[in-house]
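Chemist: just need the structure, nothing else, for what follows:
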Amino acid sequence: MLAADPGASVASIAAEAGVDRRTVYRRFASREELLAAIHTSRLTAIERAIEDARLRDAPVAVALHRYVENIIAVNRAWPVDLARMLADDAVHARRDAAVAEVETFLQRATDEGLLRRELPREWAGPLLPELMSLAAHTRAHLSPGQAADLVVDTFLRGVGASGGGEADRDGG
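Modeler: You can find the predicted model right below:
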C-alpha cells in the first residue's frame, strides 16, 4: 500500500490490514515509527539476501544469480523506497555497507572476467538494481528464479565480458 501511496494514512493502512487503527497505534507510537519499522525490515531482508548469495565465496555466476533472485523476492515483499529512511544515520550506514558489499562483488566479477573491464566502474553497480526493480515489478508473473534468469541474462549480455556465454557454462 505504501509503495502505491507513500502518503497513506495509518487509518487506511490499518483498514487494508484488516485491523483497527488503534491496533496499529498500540504497536507503533506514530506513522513515522511504523514507516521506520517497515524500512528496517526491508533493509534486514536485503542484508539476509546478500548473505545468502555468498557474494564473497560462491562462484561469481552462481552468486550473481542467487543475489538477483533474492533481491527480486525482497523487492516484491517490501516494495517501499528505502531512500526515504536515509536521514537515519544507522539505516544509512547499514545501507552503505550493503551497497559496498555488492560493489566489492561486482569488482570481483570484473576481476574474474565475467564483466567487461572497459566499462566505467560506476556503471554496473547502478544498472543491476534497476534491472532487478524492473523485473520485480513489471514481470511479477515470473517467479523470482525466472525473473533472475531474465535479469542475469540481460545484465551479462549488456556488461558481461563475453555476451553471457561464460555465465551459461558456469550455471549463471
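Chemist: please make it C-alpha for all contacts and neighbour counts, starting now.
Modeler: Fine.
Chemist: any idea which element the spatially most central residue of the chain lies in?
Modeler: For the chain, the residue nearest the mean C-alpha position is residue 71 (3.8 Å; Cα atoms, centre = their mean). When elements are defined using DSSP states H and E, residue 71 is found to belong to helix 60-77.
Chemist: returning to what we had before: the residue nearest to the centre of the chain and residue 48 touch, don't they?
Modeler: No - judged on Cα atoms under 8 Å, residue 71 makes no contact with residue 48 at a distance of 9.6 Å.
Chemist: for the chain, what helix or strand is lowest in average pLDDT?
Modeler: Using mean pLDDT, DSSP states H and E, the weakest-scoring helix or strand in the chain turns out to be helix 165-170, at a mean of 45.
Chemist: contacting residues for the residue nearest to the centre of the chain?
Modeler: Applying Cα atoms under 8 Å, 6 or more residues apart in numbering, we find residue 71 in contact with 46, 49, 132.
Chemist: and residue 60, how far from residue 108?
Modeler: 8 Å (Cα to Cα, to the nearest Å).
Chemist: more neighbours, those two?
Modeler: Taking residue 60 and residue 108 together and counting by other Cα atoms under 10 Å, residue 60 has the greater number of neighbours (25 against 16).
Chemist: contact partners for the more buried one?
Modeler: 108, 109, 114.
Chemist: tell me which residues in the one helix or strand residue 106 maps to are buried?
Modeler: Take DSSP H and E as the rule and residue 106 turns out to sit in helix 89-111. By neighbour count on 16 or more other Cα atoms under 10 Å, the buried set for helix 89-111 is 91-92, 94-95, 98-99, 101-103, 105-110.
Chemist: same deal with stretch 142-157?
Modeler: The neighbour-count check on stretch 142-157 (16+ other Cα under 10 Å) flags 144-145, 147-157 as buried.
Chemist: how far out from the middle of the chain is it?
Modeler: Its chain's average C-alpha position is 14 Å from that of stretch 142-157, according to Cα atoms, centre = their mean, to the nearest Å.
Chemist: mind checking the pLDDT average for that stretch?
Modeler: Summarised as a single mean, pLDDT over stretch 142-157 is 93.
Chemist: restricting to C-alpha, output it in PDB.
Modeler: Extracted as PDB, the C-alpha positions of stretch 142-157 are listed here (Å, rounded to 0.1, in the frame of the first residue of the first chain):
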ATOM      1  CA  LEU A 142       7.500 -14.600 -13.300                       C
ATOM      2  CA  SER A 143       8.800 -16.500 -10.200                       C
ATOM      3  CA  PRO A 144      11.800 -14.800  -8.600                       C
ATOM      4  CA  GLY A 145      14.000 -17.500 -10.200                       C
ATOM      5  CA  GLN A 146      12.600 -16.900 -13.700                       C
ATOM      6  CA  ALA A 147      12.900 -13.100 -13.200                       C
ATOM      7  CA  ALA A 148      16.500 -13.600 -12.000                       C
ATOM      8  CA  ASP A 149      17.200 -15.600 -15.200                       C
ATOM      9  CA  LEU A 150      16.000 -12.700 -17.300                       C
ATOM     10  CA  VAL A 151      17.900 -10.100 -15.300                       C
ATOM     11  CA  VAL A 152      21.200 -12.000 -15.200                       C
ATOM     12  CA  ASP A 153      21.000 -12.700 -18.900                       C
ATOM     13  CA  THR A 154      20.200  -9.100 -19.700                       C
ATOM     14  CA  PHE A 155      22.900  -7.800 -17.300                       C
ATOM     15  CA  LEU A 156      25.600 -10.200 -18.700                       C
ATOM     16  CA  ARG A 157      24.800  -9.500 -22.300                       C
END
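Chemist: right, I'll call it a day here.
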